[in-house]
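Novice: Sequence first, then the predicted structure, then my questions.
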Amino acid sequence: MKKRKMSLRTAILTSTIGGILSLGLIVGTAIAYNYQDLLDVFFTKSDYEPPVDSKNLCEDVVEEGAVLLKNEDNALPLKQSERKVALLGQNSVDFVYGGSGSGSVDSSTAATLKSAFEEQGFTVNSKLWDFYVSGPGKNYRKQMPDTAGHGDFAVNEVPQSVYTQDVLDSLNEDDFAIVSIGRGGGESADIPTSPLASGYTYLQIDKEEQDLLKMAFEKFDKVILLVNTNNQMELGFLE
């Protein structure tokens, strides 16, 4: 039987399709390599439940790792009458539980700052919390590069002009405030040493955070600063 010759048009089309498929394979492999950790987390499910001893160990590590840098006027421990708390700062709802790369953790089942305080019998200002979670404050979150090192570092604290009057008024019902400041970090990207768009370096407290602290001191007699970071920050302002 005589074989039919492939036409030039068919040959070009076949070659083009083959080239596209090869290019797609190369690009897809590169993307999968860069995001393999995320893909593993997304597609891999585990029914592993850590034993109680492991959870207790984690609690011990946190307790021993937390440092009380300053305690003016014996602000801590809290009095029994101080049970209503305002959790100020976008980091309150976007807590730093770990780092990136090998320091990353699954925080899907971790307690929030709100639930942790409520578990201990405190009443958390829900109007303020909702402001950060689903209100105007939700548009402000920390930024840092992804696991492949792509992206920028940014603090993005909520400006004072964004706070609504009803949220500010709700603070009058609270006994004290906890201002939470956070910084993430980890593998894949070095902490920048040059100033960010805000004019401050990543490990300095920036203007929006300074304004937040100023507002807290204007509203409350007792303010606790919670520095939630996996990098050493410049805390000279505390002096």
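Specialist: Structure's in. What do you need?

Novice: can you tell me which residues contact residue 82?
Specialist: Residues near residue 82 by C-beta atoms under 8 Å, 6 or more residues apart in numbering: 175-176, 222. C-beta here means a position set from N, CA and C on the backbone, and glycine is covered the same way.

Novice: swap that for residue 149, sorry
Specialist: 188-189.

Novice: pLDDT at it, what is it?
Specialist: Here the pLDDT value assigned to residue 149 is 75.

Novice: Check the one 10 residues further on too.
Specialist: Predicted confidence (pLDDT) for residue 159: 98.

Novice: So what does the most centrally placed residue in the chain look like in phi/psi?
Specialist: The centre of the chain sits closest to residue 94, judged by C-alpha atoms, centre = their mean, with a distance of 4.4 Å. Torsion angles at residue 94 (phi, psi; degrees, to the nearest 10) stand at phi -130, psi 60.

Novice: Name the nearest residue to it, sequence neighbours excluded.
Specialist: Of all residues not flanking residue 94 in the chain, residue 141 sits nearest, at 5.3 Å (C-beta to C-beta, 6 or more residues apart in numbering).

Novice: Show the subsequent helix or strand relative to the least confident helix or strand in the chain by mean pLDDT.
Specialist: Ranked by mean pLDDT, DSSP states H and E, the weakest helix or strand in the chain is helix 36-43, scoring a mean of 61. Going down the chain from helix 36-43, the next helix or strand is helix 52-65, by DSSP states H and E.

Novice: Next SSE downstream of that following helix?
Specialist: Next along the chain after helix 52-65, taking DSSP H and E as the criterion, comes strand 84-88.

Novice: partner strands of that following strand, parallel or antiparallel?
Specialist: In the sheet, strand 84-88 lines up against strand 123-124 (parallel), strand 176-183 (parallel) (DSSP bridges).

Novice: hang on, the earlier thing: what about the residue nearest to residue 94, distance to residue 133?
Specialist: 11 Å (C-beta to C-beta, to the nearest Å).

Novice: likewise residue 84?
Specialist: Separation of residue 84 from residue 133 (C-beta to C-beta): 19 Å.

Novice: what about the two, which has more around it?
Specialist: With neighbours defined as other C-beta atoms under 10 Å, residue 84 and residue 133 compare such that residue 133 has more, 16 against 13.

Novice: List the residues that contact that one.
Specialist: Residue 133 makes contact with residue 93, according to C-beta under 8 Å, 6+ apart.

Novice: repeat for the one 5 residues further on
Specialist: Residues touching residue 138, when contacts are defined by C-beta under 8 Å, 6+ apart, comprise residue 132.

Novice: Could I get the phi/psi values of residue 202?
Specialist: With angles defined as degrees, to the nearest 10, residue 202 sits at phi -60, psi -30.

Novice: quick one: it and residue 196 touch, right?
Specialist: Yes: the criterion here is C-beta atoms under 8 Å, and residue 202 meets it with residue 196 at 6.1 Å.

Novice: Neighbour count: these two, which is higher?
Specialist: residue 202 (24 against 17).

Novice: now the more buried one: how far from residue 184?
Specialist: Residue 202 is 10 Å from residue 184, by C-beta to C-beta.
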